[in-house]
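Asker: dropping a prediction and its sequence here:
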Amino acid sequence: MDLFRAMAVFIKVADEGSLTAAGRSLGLSLASVSREVTGLEAHLGNKLLNRSTRAVILTEHGALFYARAKRIMDEVHDAKLALVSVSAEISSQLRLSAPSLLGRHLLAPVLANYLQQFPKVRVDLILTDRAVNLIEDEIDIAIRIGALEDTSLVSRKFGAVRIVTCAAPSYIARREEPLSPHDLKCKLSVRAAGAGVMEQPARW
């Protein structure tokens, strides 16, 4: 069961003094409200409410749990407000480095949403395929693909890249579909004067 949700429903029932009124306030059906309260009572192993056709009344255990649960919910609400207040005031400059292709296709859309949420933050996005030096280049965060060579850096894995081999339809039509890397080898014979036959791989 979702204990946090059940606590919220229970508190609303206690405040309203009615399952029906609590359901109306929360946008839940009477059956849903009753199920949440019953599940909470079963989870706690104590009867929290005395129900009648007209109203519900807190039991002794219910009153004790209500006081504690209400305080917890108020603390959670205050914590959320504190985070919103802090987030709204975040303002700084962030220098971020990433590979060119990854930055354009994956990072740019994410940054757009981030800057909408934190308009006071300025992001300098540096797209380069070279391994930048975070200290010398004054980079705050660098996104890398592959194994991390400098073990002094703190890293977090947040995704995986799958590499696939592709071919244009015109290539397949011209040279047939390769079944192994060996099929991709193509040698050109070039006869040089006085040098016999020279073979070199073709460039693709």
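Answerer: That came in fine, so what should we check first? Keep in mind it's a predicted model, so treat the numbers as computed, not measured.

Asker: from here on, just use CA atoms for contacts and neighbour counts.
Answerer: OK.

Asker: tell me how far residue 4 lies from residue 81.
Answerer: Per Cα to Cα, to the nearest Å, residue 4 is found 18 Å from residue 81.

Asker: now the closest residue to residue 61 other than its chain neighbours: how far from residue 173?
Answerer: Among residues not flanking residue 61 along the chain, residue 48 sits closest, at 5.8 Å (Cα to Cα, 6 or more residues apart in numbering). Distance, residue 48 to residue 173, using Cα to Cα: 75 Å.

Asker: these two - which one has more neighbours?
Answerer: Between residue 48 and residue 173, residue 48 has the larger neighbour count (other Cα atoms under 10 Å), namely 25 against 9.

Asker: for the more buried one, grab phi and psi.
Answerer: phi -100, psi -30 (degrees, to the nearest 10).

Asker: pull the contacting residues for it.
Answerer: 41, 58-63, 65 (Cα atoms under 8 Å, 6 or more residues apart in numbering).

Asker: helix, strand or coil: sort out the residue nearest the centre of the chain for me.
Answerer: Nearest residue to the geometric centre of the chain (Cα atoms, centre = their mean): residue 158, 8.9 Å. Taking DSSP: H, G, I helix; E, B strand; the rest coil as the rule, one finds residue 158 in the coil state.

Asker: low-confidence bits of the chain, can you list those?
Answerer: The model of the chain has pLDDT under 70 over residues 53, 84-91, 150-151, 185-204.

Asker: domains of this protein?
Answerer: What automatic domain parsing lists as the domains of the chain is 3-87, 93-142.

Asker: what comes up buried for the longest helix anywhere in the chain?
Answerer: Longest helix of the chain, by residue count under DSSP state H: helix 60-89. Neighbour counts over helix 60-89 (16 or more other Cα atoms under 10 Å) mark 62, 65-66, 69-70 as buried.

Asker: make JSON lines from those residues and add distance to residue 122 to it.
Answerer: What follows is the buried residues of helix 60-89, written out as JSON lines (distance: Cα to Cα, whole Å):
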{"residue": "62", "distance to residue 122": "51"}
{"residue": "65", "distance to residue 122": "47"}
{"residue": "66", "distance to residue 122": "46"}
{"residue": "69", "distance to residue 122": "41"}
{"residue": "70", "distance to residue 122": "40"}
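
Asker: ok, the residues you listed vs residue 180, which is closest?
Answerer: Closest approach between the buried residues of helix 60-89 and residue 180, by Cα to Cα: residue 69, at 65.2 Å.

Asker: what sits against that closest one?
Answerer: 7, 11.

Asker: kindly report the same for residue 122.
Answerer: Residue 122 neighbours (Cα under 8 Å, 6+ apart): 91-94, 115.

Asker: one more: residue 18?
Answerer: 54-56.

Asker: in strands, which of the residues you listed fall?
Answerer: Members of the contacts of residue 18 lying in strands (criterion: DSSP state E): residue 56.

Asker: buried ones among the contacts of residue 18?
Answerer: By neighbour count, with 16+ other Cα under 10 Å, those hold 55-56 as buried.

Asker: adding distance to residue 154, write the contacts of residue 18 out as CSV.
Answerer: Below are the contacts of residue 18 laid out as CSV (distance: Cα to Cα, whole Å):
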residue, distance to residue 154
54, 61
55, 58
56, 56
